[in-house]
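Student: return a 3D structure for these sequence lines:
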Amino acid sequence: NVYELGERGFTYAGLKESYGGNLALSWSYHGEADGFLVYDMSENLIYETRNLHQHYFVIRGYGTENGFIIKAYIDTLKGRMSVAETKPIYLQVQQYNHPDVSLVIPVYNAHVVDLLNKQGACLVGKASMDEFAMGSTNQTALTGPVYNPWDRTRIAGGSSGGSAALVASGVVPFSLGSDTGDSIRKPAGFCGVVGFKPTWGRISRYGVIPYASSLDHVGAFTRNVRDMAIVMETLAGHDERDMTSSIKEVPQYLDCLDENIKGIRIAVLKTVSDEVENSIIQDNFNRVVNVLEELGAIVENITMPIELLKAVLPTYTILANSEATSNLACLDGIKYGHRRDGKKIEDTIIRSRTHGFSHQIKSRLILGNLALSYENQERMFVKAQKVRRLIVEELNKIYQSYDIILTPNSGIIAPKVKQVDNQYTYESTILENHLILGNLAGLPSLSLPSGFVDGMPIAVHLMGRIFEEQTVLNVAYALENILGLKNQYSREG
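Tutor: The predicted model follows:
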């Protein structure tokens, strides 16, 4: 149960005072760009996100051990705003007068929110994110960029960077995010926390604004693997309101957590790991491999066809943007979305979407429309689907002999804010885009802190067979106990 979270020695970063069971919380380290959307749980007051370190908000009757954060586009009831960080879904809320923030008051909770509420978890707030979850830097949120808690001159990663930064700074013991390409696992690695997305369909996406439905996963951030097992056990399971959610029985992840991994077969994907140029990151990865061998795991090197790995990003780009084009078509200013009136209905739609979407979103939707157009469907969209199938089949071949695929989470530490653009940070490198494999195949995938380079966290990536979350968690648990990096956080950035 969620009440177990936070029992192992960490407290909220901004816990200042307690009056008669009322907890006064603030967030002190982020300053002008905090990544936080906040409301008062009792009064439903919604506060400005800027300069949050100057404000306090009160959570009445709840203990510090069960607070959590969700990504801003996961729906919640009772006056709590859902934000896709963009103008088309704008709805003015009386208590919140930020002219740039786009928000809407949902009429229902997301399924994951209902599940956490049943366990007594306390929703503290919603985290900033890249616009419509389309980004890898968390620099495109209209509330402002999110900075890394280990170094404020660096990015937290995206698109779930706000959720990652809040856990990494000690504000909450866990947070929810979404992962369409690597939007949980890459920020987790950059921020030094555990990031996990389970098998596609294991957690209901009901109430989560869609980006690319066949790639979208709901997942979480924690500061240790045990907490992740607790959160996953709470969230996983069938939901009648989501036709894609799995009917498979959910194991008791916490009770089955086992650090004995003797005999587990682990494949080191050398086609990816050999691309690491930073010698310290390479040495760290080699140490992880040695630790796994010492724990009794059978570790062997494998390769994948480089042509398939080079095709991962283009395949993802076409499929994700095509699905986004379909999912966001309803935001036309007529029934949904920010409205800019024109002389005709067509003019209204054009003006609304032109004004409402940022340049980055418009570029992606144009690409999606291009791929879905009649003359291009076969040579772009259908071809991308075929390449996706080839990638999945190649992974299935590996899983016939191995339980886990192991890679570095990234070949770099979190980049400086001024060194990244807001389109694609990593261009088309195999190393920096291989996490997409987990989305194309819907595989359970986890980012685990493994060390530091120049004071910044680095991580390794564990990817298992579909619906074998327990194996991934067990290997991560065993590794974490040896590496000694659980429950870490930073407020010094």
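Student: how about Thr348, nearest residue that isn't a chain neighbour?
Tutor: Leaving out its chain neighbours, the residue that sits closest to Thr348 by Cβ to Cβ, 6 or more residues apart in numbering is Gly342, at 4.3 Å. (Each C-beta comes from the backbone N, C-alpha and C, glycine too.)
Student: can you count the residues close to that neighbour?
Tutor: By other Cβ atoms under 10 Å, the residues close to Gly342 number 14.
Student: Phe221 too?
Tutor: There are 34 residues near Phe221, going by other Cβ under 10 Å.
Student: got it, and Lys262?
Tutor: 9.
Student: swap in the one 3 residues further on?
Tutor: Around Arg265 sit 13 other residues, with neighbours defined as other Cβ under 10 Å.
Student: now do it, the pLDDT please.
Tutor: Each residue has a pLDDT score; the one for Arg265 is 98.
Student: next up, the contacts around it.
Tutor: Ala297, Ile298, Glu300, Ser401, Tyr402, Asp403, Ile404 (Cβ atoms under 8 Å, 6 or more residues apart in numbering).
Student: then Glu259?
Tutor: Leu295, Asn474, Tyr477, Ala478, Asn481.
Student: got the CA coordinates for the helix or strand in which the fourth one is found in PDB?
Tutor: Looking back up the chat, that one is Ala478. In the assignment (DSSP states H and E), Ala478 maps to helix 469-483. This file holds the C-alpha atoms of helix 469-483, laid out as PDB (Å, rounded to 0.1, in the frame of the first residue of the first chain):
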ATOM      1  CA  GLU A 469       7.900  -6.500 -15.000                       C
ATOM      2  CA  GLN A 470       8.800  -8.700 -12.000                       C
ATOM      3  CA  THR A 471      12.100  -9.800 -13.700                       C
ATOM      4  CA  VAL A 472      13.000  -6.200 -14.500                       C
ATOM      5  CA  LEU A 473      12.300  -5.100 -11.000                       C
ATOM      6  CA  ASN A 474      14.200  -8.000  -9.400                       C
ATOM      7  CA  VAL A 475      17.300  -7.400 -11.500                       C
ATOM      8  CA  ALA A 476      17.100  -3.600 -10.800                       C
ATOM      9  CA  TYR A 477      16.600  -4.300  -7.000                       C
ATOM     10  CA  ALA A 478      19.600  -6.600  -6.800                       C
ATOM     11  CA  LEU A 479      21.800  -4.100  -8.700                       C
ATOM     12  CA  GLU A 480      20.600  -1.200  -6.700                       C
ATOM     13  CA  ASN A 481      21.500  -2.900  -3.400                       C
ATOM     14  CA  ILE A 482      25.100  -3.300  -4.500                       C
ATOM     15  CA  LEU A 483      25.500   0.100  -6.200                       C
END
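Student: quick one: the strands in the stretch 101-250 of the chain?
Tutor: Residue ranges of the strands in the stretch 101-250 of the chain, as given by DSSP state E, counting those that start in this stretch, are 122-127, 147-148, 151-155, 174-179, 194-197, 217-222.
Student: what does the fourth one contact?
Tutor: Residues external to strand 174-179 that are found in contact with it (Cβ under 8 Å, 6+ apart): 5, 68-71, 73-74, 112, 127, 129, 133, 159-160, 163-164, 166-167, 183-185, 187, 195, 197, 208, 211, 216-223, 227-228, 231, 235, 438-439.
Student: quick one: that strand to strand 217-222, angle?
Tutor: Orientation check (axes from the mean of the first three to the mean of the last three Cα atoms, to 10 degrees): strand 174-179 against strand 217-222 gives 150 degrees.
Student: use 19 as the first number for this chain going forward.
Tutor: OK, 19 is where the count begins now, so the last one is strand 192-197.
Student: run the chain-centre distance for strand 192-197.
Tutor: Strand 192-197 sits 5 Å away from the centroid of its parent chain (Cα atoms, centre = their mean, to the nearest Å).
Student: what about the spatially closest residue to Ile484 that is not a sequence neighbour, neighbour count?
Tutor: Using Cβ to Cβ, 6+ apart and skipping the chain neighbours, the partner closest in space to Ile484 is Thr217 (4.8 Å). Per other Cβ under 10 Å, the neighbour tally for Thr217 reads 23.
Student: Thr217 contacts Thr489, doesn't it?
Tutor: No: using Cβ atoms under 8 Å as the test, Thr217 is too far from Thr489 to be in contact (11.5 Å).
Student: point out where the stretch 319-468 of the chain drops to low pLDDT.
Tutor: 439-446 (pLDDT under 70).
Student: helices or strands next to the longest helix along the chain in the packing?
Tutor: Longest helix in the chain, counting residues (DSSP state H): helix 324-345. If you count contacts as 3 or more Cβ pairs under 8 Å, 6 or more residues apart in numbering; DSSP states H and E, helix 324-345 packs onto helix 288-291, helix 377-390, helix 401-417, helix 448-451, helix 455-458.
Student: what's the following helix or strand after that helix?
Tutor: Sequence order places helix 363-374 as the next helix or strand after helix 324-345, per DSSP H and E.
Student: circling back to that earlier point, just the contacts of strand 192-197: which are in helices?
Tutor: 130, 181-182, 184-185, 203, 205, 245-246, 249, 253, 456-457.
Student: out of the residues you listed, who's the most crowded?
Tutor: Ser181 (39 neighbours).
Student: separation between that residue and His377?
Tutor: Distance, Ser181 to His377, using Cβ to Cβ, to the nearest Å: 25 Å.
Student: what of Gly162?
Tutor: 17 Å.
Student: between those two, which is the more surrounded one?
Tutor: Legend: neighbour count by other Cβ under 10 Å for Gly162 and His377, higher for Gly162 (18 against 10).
Student: isn't that one up against Ser146?
Tutor: Yes: counting by Cβ under 8 Å, Gly162 does reach Ser146; the two are 7.4 Å apart.
Student: could I get the strands of the stretch 119-268 of the chain as TSV with distance to Ala342?
Tutor: Shown next, in TSV, are those (distance: least, Cβ to Cβ, whole Å):
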stretch	distance to Ala342
strand 140-145	21
strand 165-166	27
strand 169-173	22
strand 192-197	13
strand 212-215	18
strand 235-240	15
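Student: can you list those in JSON lines and add mean pLDDT and distance to Met474?
Tutor: Listed next are those as JSON lines, based on pLDDT from 0 to 100; distance: least, Cβ to Cβ, whole Å:
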{"stretch": "strand 140-145", "mean pLDDT": "78", "distance to Met474": "21"}
{"stretch": "strand 165-166", "mean pLDDT": "90", "distance to Met474": "8"}
{"stretch": "strand 169-173", "mean pLDDT": "92", "distance to Met474": "6"}
{"stretch": "strand 192-197", "mean pLDDT": "93", "distance to Met474": "20"}
{"stretch": "strand 212-215", "mean pLDDT": "98", "distance to Met474": "16"}
{"stretch": "strand 235-240", "mean pLDDT": "96", "distance to Met474": "17"}
